[in-house]
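# show me the folded form of this:
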Amino acid sequence: MQRSRLRLAIYASAAVVAVAGGVGAAVAATNPTTKAAGALTATFSKDSDWGTGYQAHYTISNGTGAAVNGWQLVFGLPASAKLGSFWDTTITASGGVATAKNPAYAPTIAPGAKAEFGFIVNGSGAPTSCTINGASCGGATTVPPTTAPTKPPTTAPTTNPPATTPPVTTPPASSNRVLVAPYVDMGLLSNGSTTLAQLGRSGNVKSFSLAFVTSAGCKASWFAAFDPRAKQFADQINAVRAGGGDVKVSFGGATGVELAQACTSVAALQAEYQAVVSAYDLKYIDLDIEGAAVADPTTIARRSTALAALQKANPGLKISLTLPVLPEGLTADGLNVVRSAKNAGVDLDLVNIMAMDYGRAGQDYGNLAIQAVKSTKDQLKSIYGNSDAAAFQMVGVTPMIGVNDDQGVFGLADARDLVAFANQNHIGFVSYWEANRDKNACNGALFQCTNVTQSPFDYSKIFAGFTG
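You can find the predicted model right below:
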């Protein structure tokens, strides 16, 4: 695995409504919200809605003329809605009421400034009530903010026609796909200091891409340390599955020798892939092809032939290719890998792009990642002759969170933008490199730190908002 910020136009099409305290369902939905000058207010906005859930955020505006040190926003959800993942805040929920507080790294809202936090809701129905620091989110009207009266919401009752629902299409069925699976450097888990299940619980994700199986001669090996036939990490994989998730085992990576380079026959190569599939009862495998391997026609052809035979021997096995990318799309070598797989008869599930290390430090790495997804979609559409929607479904995206090796920065705002775009266009898969770096949330060596200001698992919680 190689080691971007765009404010999407979809926000402009989202329904933005001020939500005040109290349900007030009998009050006409057109009743305007009147905000007094000098108030701390909060507005609710839907970013996207896919029918069975939605992504939204609150914007807190400080109009008091003084710094607000510490904020607490309490909002209620109807019985039809359940809070999911969240970011840029800490939230506790009980009995349909959620209490959001400022993140530790950003406790203060300066005069005239704003703060935002986002969240996912499973189900339907906008918040039914909202208070900020004990007062109505809509601000005071005829009394000071500290004693602001309860006011009706400005949104229409949920039984009204969905005039304020963002114009999105229903995503295709995805129950048979892993949608969110951050990469985990399994070498960092081999000492037992943490587990996949712990990473999942802390980051609100269920599935992972496990890196990397390489070779020890023509034998599969976890980073030249463990034989997969001995089922290293099987207990952790079983725990992930017990929690409702699954794993992709990724072969290759930037270091070591990929099996297709080490094995000189298709039969031997297929046998080594099969040994790993059998050891862990895998439904998903990933081939991370980069460096010299992405430009070697002999091993590319050998790999494609072996993967087609492997898939035939394991009906339903989903295979993805992880390849280097530029904002302009896959390189010529990467396109050759995709064409080779297609021509060999591989039923390719995904082309997962490494949206990182473009050599363009100083540019917007969120913007560049989104551009790379669009460009790759167009390339796959050309190769497969499918529709835009079908081509988007074949694209996965994996940025390197925080500081990249080329000193470009993929920040938290970039992650939110990328996930919003991915939801809007229903791409096939999102991931990032790498889960331990997100957990550590530190400054230091890039293999273990993001080197940006964040709390542990901030990126994971954002990527958990991808719904396909």
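# which stretches of the stretch 351-468 of the chain form helices?
365-384, 388-393, 412-425, 435-440, 458-463 (DSSP state H, counting those that start in this stretch).
# show me what the first one is packed against.
Using 3 or more CB pairs under 8 Å, 6 or more residues apart in numbering; DSSP states H and E as the contact test, the elements touching helix 365-384 are strand 318-326, strand 329-330, helix 332-344, strand 348-355, helix 388-393, strand 395-399, strand 409-410, helix 412-425. Quick note: C-beta positions are derived from backbone N, CA and C, even for glycine.
# and it with strand 395-399, angle?
150 degrees (axes from the mean of the first three to the mean of the last three CA atoms, to 10 degrees).
# export helix 365-384 to PDB, keeping only CA atoms.
Included here for helix 365-384 are C-alpha records, laid out as PDB according to Å, rounded to 0.1, in the frame of the first residue of the first chain:
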ATOM      1  CA  TYR A 365      -6.100  15.800  -1.200                       C
ATOM      2  CA  GLY A 366      -9.800  15.400  -0.600                       C
ATOM      3  CA  ASN A 367     -10.500  17.000  -3.900                       C
ATOM      4  CA  LEU A 368      -7.900  14.900  -5.600                       C
ATOM      5  CA  ALA A 369      -9.300  11.700  -4.100                       C
ATOM      6  CA  ILE A 370     -12.800  12.500  -5.500                       C
ATOM      7  CA  GLN A 371     -11.300  13.400  -8.800                       C
ATOM      8  CA  ALA A 372      -9.500  10.000  -8.900                       C
ATOM      9  CA  VAL A 373     -12.800   8.200  -8.200                       C
ATOM     10  CA  LYS A 374     -14.500  10.000 -11.100                       C
ATOM     11  CA  SER A 375     -11.600   9.300 -13.400                       C
ATOM     12  CA  THR A 376     -11.400   5.600 -12.500                       C
ATOM     13  CA  LYS A 377     -15.200   5.300 -13.000                       C
ATOM     14  CA  ASP A 378     -14.800   6.600 -16.500                       C
ATOM     15  CA  GLN A 379     -12.000   4.200 -17.200                       C
ATOM     16  CA  LEU A 380     -13.900   1.200 -16.000                       C
ATOM     17  CA  LYS A 381     -17.000   2.300 -17.900                       C
ATOM     18  CA  SER A 382     -14.800   2.300 -21.100                       C
ATOM     19  CA  ILE A 383     -13.300  -1.200 -20.300                       C
ATOM     20  CA  TYR A 384     -16.600  -2.900 -19.300                       C
END
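# what's the average pLDDT for it?
Helix 365-384 carries an average pLDDT of 98.
# again, but for the fourth one
Averaging pLDDT along helix 435-440 gives 97.
# tell me what that helix is packed against?
strand 183-185, helix 196-203, helix 458-463.
# how about T89, what does it touch?
A100, K101, N102, P103, F117, F119 (CB atoms under 8 Å, 6 or more residues apart in numbering).
# in strands only, show me those.
Among the contacts of T89, the members found in strands (DSSP state E) are A100, K101, F117, F119.
# wait, which of those is closest to G411?
Taking CB to CB as the measure, G411 sits nearest to F117 out of these, at 15.8 Å.
# for the closest residue in space to G345 that isn't next to it in sequence, give me the pLDDT.
Computed as CB to CB, 6 or more residues apart in numbering, the closest residue to G345 that is not its neighbour in sequence is A308, at 4.3 Å. Listed pLDDT for A308 reads 98.
# over to G118?
In this model, G118 carries a pLDDT of 81.
# show me what contacts the closest residue to V452 other than its chain neighbours?
Nearest non-adjacent residue to V452, counting by CB to CB, 6+ apart: G402, 4.5 Å away. Residues near G402 by CB under 8 Å, 6+ apart: V409, F410, G411, R437, C449, T450, N451, V452, Q454, Y459.
# closest to I91 out of the helices of the stretch 351-468 of the chain?
By CB to CB (comparing all of those), the closest turns out to be helix 458-463, at 10.3 Å.
# and T99, what are its bridge partners?
For T99, the beta-bridge partners under DSSP bridges are V74, T92.
# same question, the one 10 residues further on
Using DSSP bridges, the beta-bridge partners of I109 come out as V68.
# check contacts around it.
Contacts of I109 (CB under 8 Å, 6+ apart): L40, I60, N62, A67, V68, W71, A115.
# let's see it at 6 Å
Neighbouring residues of I109 by CB atoms under 6 Å, 6 or more residues apart in numbering: N62, V68, A115.
# and if you look at S455?
A441.
# rewinding a little: so which of the helices of the stretch 351-468 of the chain is the most surrounded?
The highest average neighbour count among the helices of the stretch 351-468 of the chain, using mean count of other CB atoms under 10 Å, belongs to helix 458-463 at a mean of 27.
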